[in-house]
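In: this one's structure only:
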C-alpha cells in the first residue's frame with residue numbers, strides 16, 4: 001500500500017514540476033504515473049552504475065556531478081516516453097532538482113503518516 005501511495009504522490013509531484021517550470025511538460029496524470037514509474041526504475045537500476053563509473057569526476061567536483069547524473073536520468077526518461085517532455089539539459093537539471101525536492105518532502109510525509117499506523 002505504501003509503495004502505491006508513494007508512486008501516486010510522485011506522479012502528482014511530476015505534474016507539479018510541469019506546472020511550475022515551463023521546460024517540463026506532462027500531458028496527463030496517466031503519463032505522469034508512467035513517467036514516475038520509469039524514473040523509479042532508472043534510478044534503481046541505472047543510476048548506481050553511472051555513479052560508480054563517474055566516481056572520480058564526482059569526487060573531483062565534490063559531489064556536484066550527481067546533479068548531472070540526476071538530470072541525465074530525467075532527460076533519458078523523457079526521451080523514452082510520449083506524454084513526458086523535457087526541453088533540454090538545463091530544463092532536465094531544473095526539473096530533476098524540483099522533482100527531487102518534492103520526493104524528499106513526500107518521503108518525510110510518508111514516514112510520518114505510516115509511522116502512526
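Out: In hand now; what should we look at? As the structure is a prediction and not an experimental result, all values here were calculated from the model. Numbers count the residues shown, from 1 in each chain.
In: Now do the strands in this structure.
Out: Applying DSSP state E to the chain gives strands spanning 24-26, 84-86.
In: Compare those and report which one is nearest to residue 54.
Out: Counting by CB to CB, residue 54 lies closest to strand 84-86 out of these; the figure is 20.7 Å. The C-beta positions use only the backbone N, C-alpha and C, and glycine is treated the same way.
In: and the nearest residue to residue 79 once chain neighbours are set aside, what is it in contact with?
Out: Spatial nearest neighbour of residue 79, excluding adjacent residues (CB to CB, 6 or more residues apart in numbering): residue 86 at 8.0 Å. Listed by CB atoms under 8 Å, 6 or more residues apart in numbering, the contact set of residue 86 reads 23, 24, 74, 75, 78, 79, 92, 95.
In: redo that, cut-off 7 Å
Out: Residues in contact with residue 86 (CB atoms under 7 Å, 6 or more residues apart in numbering) are 23, 24, 74, 75, 78, 92, 95.
In: Show me what it is bridged to.
Out: With DSSP bridges as the criterion, residue 86 is bridged to residue 24.
In: Tell me the predicted confidence for it.
Out: Note on residue 86: pLDDT of 97.
In: Mind listing what's buried along the helix ranked longest in the chain?
Out: Scanning the chain for the longest helix, with DSSP state H as the assignment, gives helix 89-116. By neighbour count on 16 or more other CB atoms under 10 Å, the buried set for helix 89-116 is 91-100, 102-103, 106.
In: Identify the farthest-apart pair in the residues you listed.
Out: 91 and 106 (21.7 Å).
In: In contact with the nearest residue in space to residue 30 that is not next to it in sequence, which residues?
Out: Once flanking residues are discounted, residue 30 sits nearest to residue 83: 7.3 Å by CB to CB, 6+ apart. Residues near residue 83 by CB under 7 Å, 6+ apart: 26, 27, 28, 31.
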